[in-house]
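Student: Would you be able to build a 3D model of this:
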Amino acid sequence: MKPDSPAAQLALSEEYVRDFFMYADHDNPAIAEIFRLSVFRTGAALRQGWQMPTEDARLMRNTEYLRDTFTPGMVDPKTLVDSEAELVSFPDVYFRIREVLDSPTSSADDVARIVSNDVELTAKLLKLVNSPFYGLLVTVEDVAHAIALVGVTEVSNLALGISAITVFKDIPPELMDVKTFWKHSVSCGVFSKLIASRMGGLKADRFFTAGLLHDVGRLIIMKKLPYASVQTLLYARENMLPLAEAERDILGFDHAEVGGMLLAEWKFPAGLVDTVRWHHAPASAQDPLAASVVQLADNLTNAMEISCGGKYVLPGLQEGAWERLGLKSSDLVTVTALFDSHIEELFAAFL
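Tutor: Residues are numbered from 1 along each chain as shown. Here you go, the predicted structure:
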């Protein structure tokens, strides 16, 4: 029976949310605050009529027919990435932007000219930089204006990230809900930028693209190994494991390794590759601070998704990651409130 009183709904919410945090360290002050925020958010969703998934649905019981027999070592991540990089048809604008960025004689005007020739890309880019999320005091009317205000590197990275979204639109819907995947990715991008903006000395805009692309390796695994990918999802859900842990158990590698290799193959900026590659293990990154920002953003994203049917266990924070950021628990409350005020407009701009 559905509990009627707020106290009973909150107790049910806490019991439900706790399962998603079983892999995270509750003694970590960030995790404790994220848990508290998630419980209240889920309680509010219950009061508004949200129906919790049943345990059978959450753990994907009665889906044995979907299992595969993939075992670690059957495919290595480099082979996976090489085959995808050869076959994938990346938008031409991506290669033209890369060519300009790699040329010592190119200018901001060259980037503006190339991006402006792609109508769809320009429309999304201008929607993004004109949104309150970017907080610019003037209306940006064209790409050259955006570059003048945001910077050529940031605009170029945004253009590369937006272009990447279009590459994976052909994944069959029966294998993956791509729109849900990109909602998670945009949310992580928003959280990444908001977290970075609370810290001194960081160019927060670059973190949006890093968050946007942090899980791109999942798309490659799903495209190239669809049955093994389903096996991994089942294993993660049945055992309440973070997805990256399940991937390492089933595949012998995880999506962060695949994503980092793919972005390196496509010659994305080295700092972006490093952050995506190590967002589940920031201490191993060349820039541990940047990878820690995205790791925290990923955890916040997963936690906020619990109250709307998200089914993935939080991966948790690597030891030392939270301390490295130098934030307070109260910063997470502020960041989450800002996220709520911006996320719908950004979904509309991107998806």
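Student: Buried residues of the helix or strand that contains residue 232, list them for me.
Tutor: Counting by DSSP states H and E, the element that carries residue 232 is helix 226-239. Of the residues in helix 226-239, those scored as buried under the neighbour-count criterion (16 or more other Cβ atoms under 10 Å) are 226, 228-237. (C-beta placed from N, C-alpha, C; glycine too.)
Student: for that helix, packing partners?
Tutor: When contacts are defined as 3 or more Cβ pairs under 8 Å, 6 or more residues apart in numbering; DSSP states H and E, helix 226-239 packs onto helix 216-224, helix 243-250.
Student: Please repeat the previous calculation with a cut-off of 6 Å.
Tutor: Judged by 3 or more Cβ pairs under 6 Å, 6 or more residues apart in numbering; DSSP states H and E, the packing partners of helix 226-239 are helix 243-250.
Student: chain center to the helix it packs on: distance?
Tutor: Remark: helix 243-250 is offset 17 Å from the chain centroid, using Cα atoms, centre = their mean, to the nearest Å.
Student: same deal with stretch 203-220?
Tutor: Distance of stretch 203-220 from the chain centroid (Cα atoms, centre = their mean) equals 6 Å.
Student: For stretch 47-55, output the C-alpha coordinates as CSV.
Tutor: This file holds the C-alpha atoms of stretch 47-55, laid out as CSV (Å, rounded to 0.1, in the frame of the first residue of the first chain):
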residue,chain,number,x,y,z
ARG,A,47,4.1,13.0,-3.2
GLN,A,48,3.5,14.1,-6.8
GLY,A,49,2.3,10.6,-7.8
TRP,A,50,5.5,9.0,-9.1
GLN,A,51,5.4,5.2,-9.0
MET,A,52,8.5,3.4,-7.8
PRO,A,53,9.6,0.5,-10.1
THR,A,54,8.9,-2.9,-8.6
GLU,A,55,11.9,-4.8,-7.4
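Student: And the next helix or strand past the helix or strand hosting residue 146?
Tutor: With secondary structure defined by DSSP H and E, residue 146 is part of helix 143-150. Tracing the chain C-terminally past helix 143-150 and defining elements by DSSP H and E, one meets helix 152-167 next.
Student: Can you check what angle separates whichever helix or strand comes after that following helix from helix 216-224?
Tutor: The C-terminal neighbour of helix 152-167 among helices and strands, as given by DSSP H and E, is helix 178-197. For helix 178-197 against helix 216-224, the angle between stretch directions is 160 degrees (axes from the mean of the first three to the mean of the last three Cα atoms, to 10 degrees).
Student: Got phi/psi on residue 328?
Tutor: With angles defined as degrees, to the nearest 10, residue 328 shows backbone torsions of phi -110, psi 160.
Student: neighbours around it, how many?
Tutor: The local packing of residue 328 (other Cβ atoms under 10 Å) involves 13 other residues.
Student: Return the distance of it relative to residue 294.
Tutor: When distances are taken as Cβ to Cβ, to the nearest Å, residue 328 and residue 294 turn out to be 19 Å apart.
Student: I'd like to know which elements the helix holding residue 146 is packed against.
Tutor: In this structure, helix 143-150 packs against helix 108-116, with contacts taken as 3+ Cβ pairs under 6 Å, 6+ apart.
Student: Point out the other helices and strands that the helix it packs on packs with.
Tutor: Partner elements for helix 108-116 (3+ Cβ pairs under 6 Å, 6+ apart): helix 92-102, helix 143-150, helix 152-167.
Student: If you count contacts, what does the last one end up packed against?
Tutor: Put plainly, it is helix 152-167. The contact analysis (3+ Cβ pairs under 6 Å, 6+ apart) places helix 152-167 against helix 92-102, helix 108-116, helix 205-212.
Student: winner for burial among those?
Tutor: Comparing those by mean neighbour count (mean count of other Cβ atoms under 10 Å), helix 205-212 comes out on top with a mean of 26.
Student: Export that helix to CSV, keeping only CA atoms.
Tutor: The C-alpha trace of helix 205-212 is given here as CSV (Å, rounded to 0.1, in the frame of the first residue of the first chain):
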residue,chain,number,x,y,z
ASP,A,205,33.0,26.2,-19.9
ARG,A,206,35.3,23.4,-21.0
PHE,A,207,33.8,21.0,-18.4
PHE,A,208,30.4,21.1,-20.1
THR,A,209,31.8,19.2,-23.1
ALA,A,210,33.8,16.8,-20.9
GLY,A,211,30.6,15.9,-19.1
LEU,A,212,28.6,15.7,-22.3
